[in-house]
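> using only what follows, build the 3D model:
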Amino acid sequence: MNSPAVKESTSWLLLKISLQAKKELIRIAEEYDLSVMQLYTVLFLEDHVQVPMHSISTILSCDPSNVTGIVDKLVGASYLERAENPTDRRVKTIMLTEKGLALREEIVTRIESSNALQLSNLSEHEKATLNTLLQKIAQ
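Numbering: from 1, shown residues only. I've put the predicted structure just below:
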């Protein structure tokens, strides 16, 4: 087992929390009959913004060949719409549909709800500080 110093390190704690979060995301994704990568795609897309499909591979850190399968399922479920880029017809773009936006809202609400218990022992000031620090780390 890991030494106490490792268990208390920032890196270990971040890893532990990220694994807990991923476990919850897997559970939520399965309830919607989605893969985690499909769930991430829905979560990362911005409202009413067309994004080149190839950029999803960068966001998800996956091979571009995987993006087609991820997108196909989401298009088939009417969560995304796919279109040609008007300036370069070789580039396909994707955008969340209204159904996709509603799904994302549901998922975010569920994620926040599941995290509420874990964060309930923090004061509002501690939550604000944690949020600021996490934003700094995420940049």
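
> tell me which residue is most central in this protein.
The structure's the chain has its C-alpha centroid closest to residue 40; by Cα atoms, centre = their mean the separation is 3.3 Å.

> next one, pLDDT for that one please.
Residue 40 is assigned a pLDDT of 94 by the prediction.

> that one and residue 66, how far apart?
12 Å (Cβ to Cβ, to the nearest Å). Every residue, glycine included, has its C-beta placed from N, CA and C.

> shared neighbours, those two?
Here residue 40 and residue 66 have residue 60 as joint contacts, going by Cβ atoms under 8 Å, 6 or more residues apart in numbering.

> for the residue nearest to the centre of the chain, list the residues it contacts.
Contacts of residue 40 by Cβ under 8 Å, 6+ apart are 25, 59-60.

> which of those sits closest to residue 99?
For these, the residue nearest residue 99 by Cβ to Cβ is residue 25; the value is 19.8 Å.

> verify the stated contact: that closest one with residue 108.
No: counting by Cβ atoms under 8 Å, residue 25 sits too far from residue 108 to count as a contact (11.4 Å).

> for the chain, which residues score under the pLDDT cut-off?
In the predicted model of the chain, residues 1-5 satisfy pLDDT under 70.

> please enumerate the helices of it.
Secondary structure of the chain (DSSP state H): helices located at 4-7, 10-31, 36-44, 53-60, 64-76, 98-119, 124-138.
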